[in-house]
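S.K.: sharing a model prediction with you, sequence too.
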Amino acid sequence: MSQHLSEQEIVRRDKLTELEALGVNPYPPELFHVSHYSQAILDTFDAEQNNLPDVSLAGRIMSVRLMGKAAFAVLQDAGGRIQLYIGRDAICPGEDKTLYDEVFKRLVDIGDFVGVKGYVFKTKTGETSIHVSSLQLLAKSLKPLPIVKEKDGEIYDAFTDPEQRYRQRYVDLVVNPHVRNTFIKRTKLVKTIRDFLDAHGAMEVDTPVLQNIPGGAAARPFATHHNALDVPFYLRIANELYLKRLIVGGFDFVYEFSRNFRNEGMDRTHNPEFTVLEFYVAYKDYFWMMDFTENLLEKIAIELHGTTEVTMGDKVLNFKAPFKRVPIYDAIKEFTGFDVSEMDEAGLVDVCKKLHIETDASMGKGKLIDEIFGAKCEGNFTQPTFIIDYPVELSPLTKKHRSKAGLVERFELMVNGKEIANAYTELNDPIDQRARFEEQAKLMERGDDEAMFIDHDFLRALEYGMPPTSGIGIGIDRLVMLMTNQASIQEVLFFPQMRPETEGE
RNA sequence: GAUUCCGUAGCUCAGCUGGUAGAGCAAUACACUUUUAAUGUAUGGGUCUUGGGUUCGAAUCCCAACGGGAUCACCA
């Protein structure tokens, strides 16, 4: 496997040999004791008190400004960046100046990991810096990093090519602090949810990713094959039916951050694998779930931003609970002028024609209503809004509405014109559930390739009895996009799916 | 999947209507002990994504492939 090396890469490899000749191991095995992170030093240093006389920290060299017998360098560690002041005589107190003249000046590059010890001080210009008394190479970097510079908020030579940023996320993370920040927020968001659920007595669980019957959602699955059993398996499209089995089993409140896989198109809001938080709570209904959800989202916004107001593009979204609740038929009436609540399939097809929405023979009543809502209404709901009471045809796992015929107790949460959560009062009547599955089977025969499969084991579970339950799925990637002001899902996934690179590097 | 734009040095980009490449940063060498997009001087660095075609001659024009972005369609 021959590797084409650039001039700079050859130079760095040559430096390895030079370092070894000087007795410096470019990849030493010993631990390096880190006493402080850069950010902690910047936060706590007090020049009057000189309270940090002895620190040691480690990280990557991000820039070097050489001035003969002294130099300034920027060290980047997990907490941020801090300036180093490296004087020749400070790191080489004796006669031998090799460490400074050769190792540091010539053989250490931008991107190398070093460990330094010294005291903290403020330079003439007032920048908190480390006065380095000892410097050690911890790991050599053989590829030149993109050099991003910044002055007065202006970024120069930014590393911006999306393809390179996504394929080599490690470089993106090293060089673009704002990218790093987005992912820190993502983790914080997940932790906030976990803490919130745990505080309400929920139990986090794991359910199968490899499934016989890909259930719980309408989507095309990835298919695979188990050799020993010689049976097909599918990567899960949702975990809903498994979590409900756990409710049957006697757990009252279960949740899972479910990595789901759907074999469909990709664009800036869809990745083939994505994360949905699902949770199910026994003895609750969808009204309770709306209350709980708006409180959860309000809490997330406050944790991440210190306020319920979140900027998304040119809009400000306000997650202050409670959110508006709008029945889907009301929404359609408001934005199209048509009252579709009493219409049959033919009437709906007619409305679609008038609204210039394409239809085909495979679409049932529910699907047609969904199309109208998706085309004409969805985009209008910028502020968090619960759309409630969907037609039964669209919701094969949802309990029929307690008072409105033909509807189910379901809501979707729309924010910034997109659905980010979907919840119901769960259907726990096994007879009705069987009938709904059979409806789905008919739709599948009509050509709807997203209709649900019949899951007989799930029906069996329901027959043993499931308590009244409310459940929800919240799209975590989309929620992170909203909370971090990102227009593309690729910006909130460390490693978004890409076509494989053809020629290896 | 459709439409459209893009692919030149490690990074960010120039390269006009075709005459086989250029800048800044990075790299190399030298100078400089409190600088901060450090500076000064000098030097090196490119299968111009790939493959065809047109032409005396292609980074540039044409065709195709590969990869990516944006918009649209479907799904979360």
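M.R.: Noted; the coordinates are in hand. Residues are numbered from 1 along each chain as shown, chains lettered A, B, ... in the order given.
S.K.: and the stretch 401-505 of chain A, which residues reach RNA strand B?
M.R.: Within the stretch 401-505 of chain A, the residues that sit near RNA strand B (C-beta under 7 Å from any atom of the strand) are A:418-419, A:422, A:450, A:475, A:477-478, A:487-490, A:498-499, A:501-502. (Each C-beta comes from the backbone N, C-alpha and C, glycine too.)
S.K.: would A:Phe386 count as being in a helix?
M.R.: No. Assigned with DSSP: H, G, I helix; E, B strand; the rest coil, A:Phe386 falls outside any helix and is strand.
S.K.: could you report the neighbour count for it?
M.R.: For A:Phe386, the count of nearby residues is 23 (other C-beta atoms under 10 Å).
S.K.: coming back round to it: which of the residues of the stretch 401-505 of chain A next to RNA strand B fall within helices?
M.R.: A:Asp477, A:Arg478 (DSSP state H).
S.K.: quick one: which two of the residues of the stretch 401-505 of chain A next to RNA strand B are the most distant?
M.R.: Using C-beta to C-beta, the pair of those lying farthest apart is A:Asn422 and A:Thr502, separated by 38.6 Å.
S.K.: neighbour count for the two, which is higher?
M.R.: More neighbours surround A:Asn422 than the other of A:Asn422 and A:Thr502, with 23 against 5 (other C-beta under 10 Å).
S.K.: how near is the more buried one to A:Ala218?
M.R.: Going from A:Asn422 to A:Ala218 by C-beta to C-beta, to the nearest Å gives 11 Å.
S.K.: just to revisit the earlier point, among the residues of the stretch 401-505 of chain A next to RNA strand B, the buried ones, what's the ChimeraX command?
M.R.: Paste this into ChimeraX to select the buried members of those, with burial taken from 16 or more other C-beta atoms under 10 Å:
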select /A:418,422,450,475,477,478,489,490
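S.K.: quick check: which element contains A:Glu445?
M.R.: A:Glu445 belongs to helix A:430-446 when elements are defined using DSSP states H and E.
S.K.: how about the strands of the stretch 101-250 of chain A, start to end?
M.R.: Assigned by DSSP state E, counting those that start in this stretch, the strands in the stretch 101-250 of chain A fall at A:113-122, A:128-139, A:149-151, A:154-156, A:203-204, A:210-211, A:223-226, A:231-235.
S.K.: same deal with the stretch 301-450 of chain A?
M.R.: A:309-312, A:315-318, A:324-327, A:385-388, A:410-415, A:418-425.
S.K.: of the ones you listed, which stretch is the most buried?
M.R.: strand A:410-415 (a mean of 24; mean count of other C-beta atoms under 10 Å).
S.K.: mind listing the strands that strand pairs with, and their directions?
M.R.: When pairing is defined by DSSP bridges, strand A:410-415 lines up against strand A:385-388 (antiparallel), strand A:418-425 (antiparallel).
S.K.: and the residue of chain A most remote from its centre, helix, strand or coil?
M.R.: Residue distances from the centre of chain A (C-alpha atoms, centre = their mean) peak at A:Glu95, which lies 54.0 Å from the mean C-alpha position. Look at A:Glu95: counting by three-state DSSP, its state is coil.
S.K.: tally of neighbours for A:Asn50?
M.R.: Here the number of neighbours of A:Asn50 (other C-beta under 10 Å) works out to 12.
S.K.: and the residue of chain A found nearest RNA strand B, how far from A:Asp89?
M.R.: Across chain A, no residue is closer to RNA strand B than A:Gly68, which sits at 2.3 Å (C-beta to the nearest atom of the strand). Between A:Gly68 and A:Asp89 the computed distance is 12 Å (C-beta to C-beta).
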